[in-house]
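What would the 3D arrangement of this be:
(one chain, ligands or ions: 2)
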Amino acid sequence: MTHTDIADTEKAGARPGDGGPKKVFVKTYGCQMNVYDSQRMSDALAADGYVPTETLEEADLVLLNTCHIREKAAEKVYSELGRIRKLKDERARDGRETVIGVAGCVAQAEGEEIIARAPVVDIVIGPQTYHRLPDAVRKARAGGKVVETDYALEDKFERLPQLHKGEVRRRGVTAFLTVQEGCDKFCTFCVVPYTRGAEVSRPVSQIVAEAERLAEAGVREITLLGQNVNAWHGEGPDGRQWGLGELLFRLAEIPGIARLRYTTSHPRDMDDALIAAHRDLDALMPYLHLPVQTGSDTILKAMNRRHTAADYLRLVDRIRAARPDIALSGDFIVGFPGESDADFEATMQIVRDVTFVQAFSFKYSPRPGTPGAEMGDQVAEAVKDERLQCLQALLTTQQRAFADTLVGRRTDVLIEKPGRAPGQWAGRSPWLMPVILDEKPGEIGDIVDVRITRTGTNSLFAVTA
Ligand code: SAM
Ligand code: SF4
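Ligands and ions are numbered 1, 2, ... in the order given. Next up is the predicted model:
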């Protein structure tokens, strides 16, 4: 299969003779990369006549795009499959067929065990092979069970249909674009190198073509994605090896693209060119997700993060010297094996030293097959609970304090959609925080100058400046 053009995918809605278009319901768990993958899977299925539905009950094809990062995330999938089994039985009584697929990292990690545990499942398909999904669906509809979890040798991005402009428009003026997949870092707590495979960067020409297509469909802000996005590298049109910094400069040249972001970064891959991009590239938003996980050198070493707390602090200083208004966000794990009270206090200290405007903090979850799960000295659940509460209280205080500093200030906002209440409009500040406007200051996709008037629980309120 090669690129399918927009004309093919748009005319593919109806299936003669079998009661109108087939409907696909996709439920996405986990990270932004899964959101992007779900979109690309829907696009691939559009070429076979599937239209998306938000209602599970009317779906002919149900896809769960799963996350394996923590045990809870994986278990959720099985409880959802229980619910879906009832639905499939009810529909079968009415003579309607339903195909059930499990995609994503649980599919990759558990393979055919999923069908053994939940026989309702027809398709198990890993993240590296979702370009083969339309084929798998055809086989399943013919009565087969399909398991596709090998790491495909072909480039799935080359084989996927091009972005569907109508769908891109429907999704709004901000978009994700995966530039890098997989990971070679093998942090001892993490399943990603096993579920997503080795680190791969997409070529510059492919990324630029996709970004141009997004821009043509009205996208104003692109967030580049990768499990290790700042490890992205590729040969530029000038023949030199580019890093993410150079790529961002190139993408900023695309007419219509006003804002760029990227996530998730590893501290070891923040090179000088990328830091310089934060200084020199206006389109690059002053927000950086830079997980540190813990402030303890002992635990950083046990996690195989390959940097110290002091390295991280020095890096933050360099980034802030380049872009003083940058807002930092992070990921934290509490209760990694062997974490003592003093280790946990080091995490609290690094949070006080850095100050984060946003953070994701988790209790360590031992993942089968990772070195962390085999380590002695696992921390008791009650201790993890207590530490998590303590850390989250500090992070919330920092987040609120940052929001308070914005009150009275002017900033720009990209208008994204109508707000929840009638007459309201919603967008985002450069620091990623949602901003609610009580009047319509422009059209969706416009970037407008506003003044922040007050803070809400997770958002800011503003008026036109
Ligand atoms: N590549 C990114 C990095 O190096 O920071 C992180 C990607 S990972 C998909 C997202 C986050 O999930 C991690 O930063 C970590 O905080 C959390 N995480 C990963 N494995 C975990 C585990 N076993 N238990 C708890 N949290 C975990
Ligand atoms: Fe997982 Fe990130 Fe470590 Fe890779 S760098 S193993 S994705 S936590």
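
hey, let's count contacts and neighbours off CA atoms from now on
OK.

Contacts only, for residue 217.
Residues in contact with residue 217 (C-alpha atoms under 8 Å, 6 or more residues apart in numbering) are 165-166, 168-169.

per-residue confidence at residue 347?
Note on residue 347: pLDDT of 98.

I'd assumed it was in a helix, is it?
Yes: assessed with DSSP: H, G, I helix; E, B strand; the rest coil, residue 347 lies in a helix.

can you give me the helices for the stretch 251-400 of the chain?
272-280, 297-302, 309-322, 341-354, 371-374, 381-406 (DSSP state H, counting those that start in this stretch).

what's the closest non-adjacent residue to residue 449?
Nearest residue to residue 449, sequence neighbours excluded (C-alpha to C-alpha, 6 or more residues apart in numbering): residue 412, at 4.5 Å.

Distance-wise, check residue 125 relative to residue 369.
The gap separating residue 125 from residue 369 is 20 Å, by C-alpha to C-alpha, to the nearest Å.

Compare those two (neighbour count), which wins?
Neighbours were tallied for residue 125 and for residue 369 using other C-alpha atoms under 10 Å; the higher tally belongs to residue 125 (28 against 14).

Just the CA atoms of stretch 255-264, as CSV, please.
Provided in CSV are the C-alpha atoms of stretch 255-264 (Å, rounded to 0.1, in the frame of the first residue of the first chain):
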residue,chain,number,x,y,z
PRO,A,255,3.3,29.3,6.4
GLY,A,256,0.5,29.2,9.0
ILE,A,257,2.5,27.4,11.7
ALA,A,258,2.7,29.9,14.6
ARG,A,259,3.5,27.8,17.5
LEU,A,260,5.7,24.7,18.1
ARG,A,261,6.1,22.5,21.2
TYR,A,262,7.7,19.1,21.7
THR,A,263,7.4,16.3,24.3
THR,A,264,8.8,14.2,26.0
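
ok now it, how far from the chain's centre?
Chain-centre distance of stretch 255-264: 14 Å, with C-alpha atoms, centre = their mean, to the nearest Å.

Need the residues that contact that stretch.
Residues from elsewhere that reach stretch 255-264 (C-alpha under 8 Å, 6+ apart): 215-216, 218-230, 248, 251-252, 283-285, 287-291.

Return the residues of the stretch 101-250 of the chain in contact with ligand 2.
183, 185-187, 190, 192-193, 227 (C-alpha under 6 Å from any ligand atom).

anything in stretch 193-207 near ligand 1?
No: using C-alpha under 6 Å from any ligand atom, stretch 193-207 never reaches ligand 1; the gap is at least 9.8 Å.

Next, the buried residues of that stretch.
By neighbour count on 16 or more other C-alpha atoms under 10 Å, the buried set for stretch 193-207 is 193-197, 199-202, 204, 207.

Need the max-distance pair from those residues.
The most widely separated members of those are 194 and 204, with 25.7 Å between them, by C-alpha to C-alpha.

Any figure for the gap between residue 280 and residue 79?
From residue 280 across to residue 79, the span is 48 Å (C-alpha to C-alpha).

any weak-confidence spans in the protein?
1-19, 153 (pLDDT under 70).

at 90 what do you get?
Along the chain, segments meeting pLDDT under 90 span 1-21, 43, 46-48, 71-76, 94, 150-167, 420-423, 438-442, 457-458, 465.

tell me which parts of it are close to ligand 1?
Proximity of the chain to ligand 1 is confined to 69-70, 189-190, 227-228, 264, 266, 291, 293, 331-333, 362-367 under the rule C-alpha under 6 Å from any ligand atom.
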